[in-house]
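Asks: sharing a model that was predicted from the sequence below.
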Amino acid sequence: MSERVLQSEEAARRLGVKLPTLYAYVSRGLLPSHPAPDGRRSLFLAEDVEALARRSRGGRRTETRLATVTTATTQLREDGPRFRGRPVTDLALTLPYEDVAELLWQGEPGADRPWAALSLEPPADLGAPERVPWAVLMAGAADPLRGDTRPDAVRAGARRLVATVVGVLPHDGRPAPGLELGGRSAQATVAGTLAARLVPGAGRGVARAVNAAMVLLADHELAASTLAVRVAASARADLYDAVGAGMAVVGGPLHGGASRLAYELLGGVRRLGAGAAVGDSLRWQGIVPGFGHSVYRGVDPRFAVLRQVVGDVGDPEWHRTLETVLALGAERGLPPPNIDLGLAALARATGMGADAGRIIFAVARMAGWVAHYLEELDERPLRYRARAVYAGPA
């Protein structure tokens, strides 16, 4: 089938029903189903599902013009995200970030594409986290063809933009470590360069851990920052403005900045002990940073992979600190750990600063933002239009 298709879980989610109800629609002839190539599953045409959704509203069109986002980029599952059908938990251990970005962008993974940074000189007093959105703004200003939205032009601009963002981060001039993954070896990689910026003198183990974190974070379906990018794309903003919209959202403490709270938690565990640190978090924040996720009922599968990779590098004392707080969380029935705790553990174990997790998150997520940007350009423009319920003076 060349049309856009949905798996059973996604079709039921779109219709707002449980799987048995979906199958009842099929048996009653309300919704056609199609066998998957493996013969074990059913697939549904997106247009059939949308038609049934309209009929379930009595044939009325959605007056609010709220968009239904159908994507072929990322599927969220209990065993972790899948990028175009491939488990991210496998990709993180086998492919460099560049190849995963190309996979998301429907480019050519493994192709020799230039990821060359622009030569920008940030203000000396500009902190590392602030240099990331600054580089996006300046790279856009330096691109006379920033309005070119042809897919190949967007992909080329995205490669240059990611490399530029990493290139403006402070560094001591020491060479970046190489990266060895899946039987391949590369000297100049985005992850290696980023590792050297965050950990002066970083070795290949740190580069591998940073690469794994970047791949795991490259996309997570319609997270808040990604939705901001799609809204910008719907208004036909250029690549730089759309990525800037994502940057504006990702910097918040409840999104890309959440790992800093987990970073401080691990520091508190080292200073005060696990019980006191967790107790303080519950008292003053009402949560324990790095624990619980709105998507995953169990352990965030991305955390499990990052924990494995981080365990091979850095200070063993911080590994023991992580295990201590995990043991306390399990004993006291806290929600399972998430990727923010994994980022914090990576930063603590390798000597990175408190904002390192936020930087890794923002750079990594650019791959997903670009994929969604490209996808949104194929939709009708200005399709995101919510309506408010007015409650002011009559």
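Replies: Structure received.
Asks: got the contact list for the residue nearest to A53 when sequence neighbours are not counted?
Replies: Excluding its sequence neighbours, the residue lying closest to A53 (C-beta to C-beta, 6 or more residues apart in numbering) is L15, at 5.8 Å. For every residue, glycine as well, the C-beta is placed using N, CA and C. By C-beta atoms under 8 Å, 6 or more residues apart in numbering, the contact list for L15 reads 21-22, 25, 49, 52-53, 56.
Asks: change it to 10 Å
Replies: Counting by C-beta atoms under 10 Å, 6 or more residues apart in numbering, L15 makes contact with 6, 21-22, 25, 31, 44, 49-50, 52-53, 56.
Asks: from those residues, which is closest to E180?
Replies: L6 (38.3 Å; C-beta to C-beta).
Asks: can I assume the closest one sits in a strand?
Replies: Yes. Counting by DSSP: H, G, I helix; E, B strand; the rest coil, L6 is found in a strand.
Asks: that one and R387, how far apart?
Replies: 27 Å (C-beta to C-beta, to the nearest Å).
Asks: now swap in A233 and tell me
Replies: 21 Å.
Asks: the two: which is more packed in?
Replies: Neighbours per residue, other C-beta atoms under 10 Å: of A233 and R387, the larger number sits with A233, 27 against 10.
Asks: check the secondary structure at the more buried one for me.
Replies: A233 - assigned by three-state DSSP - is helix.
Asks: tell me where the model's unsure across the stretch 151-300 of the chain.
Replies: Within the stretch 151-300 of the chain, no range satisfies pLDDT under 70.
Asks: tell me the spacing between the residue nearest to the spatial centre of the chain and L306.
Replies: For the chain, D219 is the residue whose C-alpha lies nearest the centre (C-alpha atoms, centre = their mean; 3.1 Å). To L306, D219 is 16 Å away according to C-beta to C-beta.
Asks: try D340
Replies: Applying C-beta to C-beta, the value for D340 to L306 is 10 Å.
Asks: and for those two, which residues touch both?
Replies: Counting by C-beta under 10 Å, 6+ apart, the common neighbours of D340 and L306 are D300.
Asks: R230 should be in a helix, yeah?
Replies: Yes. Judged by three-state DSSP, R230 forms part of a helix.
Asks: not counting its neighbours along the chain, what's nearest it?
Replies: Leaving aside its chain neighbours, R230 sits nearest to E376 (4.6 Å; criterion: C-beta to C-beta, 6+ apart).
Asks: doesn't A135 make contact with V165?
Replies: Yes. V165 is in contact with A135 according to C-beta atoms under 10 Å; the separation is 4.5 Å.
Asks: okay, and the common contacts of these two?
Replies: Common neighbours of V165 and A135 (criterion: C-beta under 10 Å, 6+ apart): 117-118, 120, 247, 363.
Asks: buried subset of those?
Replies: Neighbour counting with 16 or more other C-beta atoms under 10 Å marks 117-118, 247, 363 as buried within those.
Asks: all strands for this structure, in order.
Replies: Using DSSP state E, the strands found in the chain span residues 5-7, 34-35, 42-45, 74-75, 82-83, 86-87, 179-181, 184-186.
Asks: let me have the ones you listed in a markdown table, adding distance to V210 as columns.
Replies: Listed next are the strands of the chain as a markdown table, based on distance: least, C-beta to C-beta, whole Å:
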| stretch | distance to V210 |
| --- | --- |
| strand 5-7 | 33 |
| strand 34-35 | 42 |
| strand 42-45 | 37 |
| strand 74-75 | 21 |
| strand 82-83 | 18 |
| strand 86-87 | 20 |
| strand 179-181 | 9 |
| strand 184-186 | 14 |
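Asks: quick one: which of those strands is nearest H293?
Replies: Proximity to H293 (C-beta to C-beta) singles out strand 74-75 among the strands of the chain, at 15.3 Å.
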